[in-house]
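S.K.: predicted structure and sequence below. I'll ask about it afterward.
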Amino acid sequence: MPAPRHAVVVQHLAFEDLGNFAPVLRELGWTWSFLQAGVDDLDAAREADLLVVLGGPIGVYETETYPFLNDALALLRERLAAQRPTLGICLGAQLMAAALGARVHPGGTKEIGWSALQLTPEGEASCLRHLADVPVLHWHGDTFTLPTGSTHLASSAVYPHQAFAVGAHALGLQCHVEARGADFERWLIGHACELASAGLDVPALRAAAHAHAPALEAAAARVLRDWLSALP
C-alpha cells in the first residue's frame with residue numbers, strides 16, 4: 001500500500017482553516033499538518049506533497065512589519081519553480097502571485113460578503129466550473145496583477161483577478177471557497193473590528209452565510225477533488 005500523501009498547511013488565523021477542504025482530503029486518504037505563520041519553521045513544507053497557504057489579515061507588502069512573510073515568499077518561489085503542488089487562498093494566493101513576480105497592492109475597496117464569481121472561458125474549463133452561479137465568500141481589500149505565465153480563471157464584480165492557475169500544479173484563489181457555514185460565526189467574531197470599521201451589517205452577512213454556505217460546501221468539495229486528481 002502506498003504511503004498516504006501529506007499536505008502542509010500554513011495558517012495565519014485559528015478560525016481560517018481547511019474548512020470545506022478537510023473532508024475531501026480525508027476521504028482521499030491525505031494526511032496533513034499545520035504550521036503557524038510567524039511561529040513555526042516553514043522548512044517542514046519544502047518537500048510536502050501539497051502546500052496550502054491560507055488567508056490572513058495582513059498585506060504581502062508588509063514585510064518590514066511582518067518579516068516572516070519573506071520566508072513564505074522564499075518557500076513559494078522554490079516550490080513554484082520546482083512545479084510542486086501548491087494551493088493559495090486569499091493571502092495565500094497573493095503570496096503566490098508575488099512569488100511569481102506579480103504586484104500585490106491595496107485595492108481601495110473592501111470586498112466582504114457572498115457573491116458569485118464570473119468565470120473566464122479557461123475557468124469554465126477548469127475545476128472552478130463547479131462554482132458557476134454559486135456565491136462564494138469574499139473577504140479582502142488587497143488585489144494583485146496576474147503573474148506572467150499564469151491562466152486567469154475568475155473575476156468578481158469588484159476585482160478582476162479572483163483566481164489563477166499555473167500549469168496543473170498551482171492554484172491561487174482570492175476568494176474563500178473553503179469557508180464553512182458551521183464556522184462562520186468565528187469569522188464574524190475574529191474580524192469584528194474590521195467589520196465595524198467598514199460599517200458592514202453583521203446580521204446580513206450571517207443570513208447570507210446561512211443561505212449560501214451549503215451550496216458552496218458541496219461545490220468546494222468538487223473543486224478540490226477535481227484539482228487534486230489532475231495534479232502531476
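M.R.: It's in.
S.K.: just after the longest strand along the chain, pick out the following helix or strand.
M.R.: Ranked by residue count, the top strand of the chain under DSSP state E comes out as strand 104-115. Counting by DSSP states H and E, the element after strand 104-115 in chain order, helix or strand, is strand 118-119.
S.K.: which elements pack onto that following strand?
M.R.: strand 151-155 (3 or more CB pairs under 8 Å, 6 or more residues apart in numbering; DSSP states H and E). In this view, the C-beta of every residue, glycine as well, is placed from N, C-alpha and C.
S.K.: let's test this: mean pLDDT of the helix or strand just after the strand it packs on, rounded?
M.R.: Toward the C-terminus, strand 151-155 is succeeded by strand 163-166 as the next helix or strand (DSSP H and E). Averaging pLDDT along strand 163-166 yields 98.
S.K.: next, the buried residues of stretch 223-232.
M.R.: Neighbour counts over stretch 223-232 (16 or more other CB atoms under 10 Å) mark 223, 224, 225, 227, 228 as buried.
S.K.: partners of the most centrally placed residue in the chain in the sheet?
M.R.: The centre of the chain sits closest to residue 89, judged by CA atoms, centre = their mean, with a distance of 1.0 Å. On the basis of DSSP bridges, residue 89 is bridged to residue 173.
S.K.: from what I can see it touches residue 178, true?
M.R.: Yes - proximity of residue 89 to residue 178 meets the contact threshold set by CB atoms under 8 Å, at 6.0 Å.
S.K.: any buried residues in the longest helix seen in the chain, and which?
M.R.: Longest helix of the chain, by residue count under DSSP state H: helix 202-229. Neighbour-count burial for helix 202-229, counted by 16+ other CB under 10 Å, picks out 205, 208-209, 212-213, 216-217, 219-221, 223-225, 227-228.
S.K.: tell me what angle that helix forms with strand 104-115.
M.R.: Angle between the axes of helix 202-229 and strand 104-115 is 110 degrees (criterion: axes from the mean of the first three to the mean of the last three CA atoms, to 10 degrees).
S.K.: now for helix 202-229, which elements pack on it?
M.R.: Applying 3+ CB pairs under 8 Å, 6+ apart, we find helix 202-229 packed against helix 21-27, strand 104-115, strand 136-144, helix 184-190.
S.K.: go again with 6 Å.
M.R.: helix 21-27 (3 or more CB pairs under 6 Å, 6 or more residues apart in numbering; DSSP states H and E).
S.K.: so what touches the helix it packs on?
M.R.: Helix 21-27 has contacts (CB atoms under 6 Å, 6 or more residues apart in numbering) with 178, 221, 224, 225.
S.K.: if we can go back for a sec, would you check how far apart the residue nearest to the centre of the chain and residue 4 are?
M.R.: Separation of residue 89 from residue 4 (CB to CB, to the nearest Å) stands at 22 Å.
S.K.: for residue 85, which residues are in contact?
M.R.: For residue 85, counting by CB under 6 Å, 6+ apart, the contacting residues are 50, 169, 231.
S.K.: from the chain's centre, how far out does the longest helix of the chain sit?
M.R.: Distance, stretch centre to chain centre, for helix 202-229: 13 Å (CA atoms, centre = their mean, to the nearest Å).
S.K.: tell me the mean pLDDT for stretch 171-186?
M.R.: Mean per-residue pLDDT for stretch 171-186: 98.
S.K.: mind listing what's buried along it?
M.R.: Buried, per 16+ other CB under 10 Å, within stretch 171-186: 171-181, 183-184.
S.K.: and of these, the nearest to residue 83?
M.R.: Nearest to residue 83, judged by CB to CB, of these is residue 171 at 12.8 Å.
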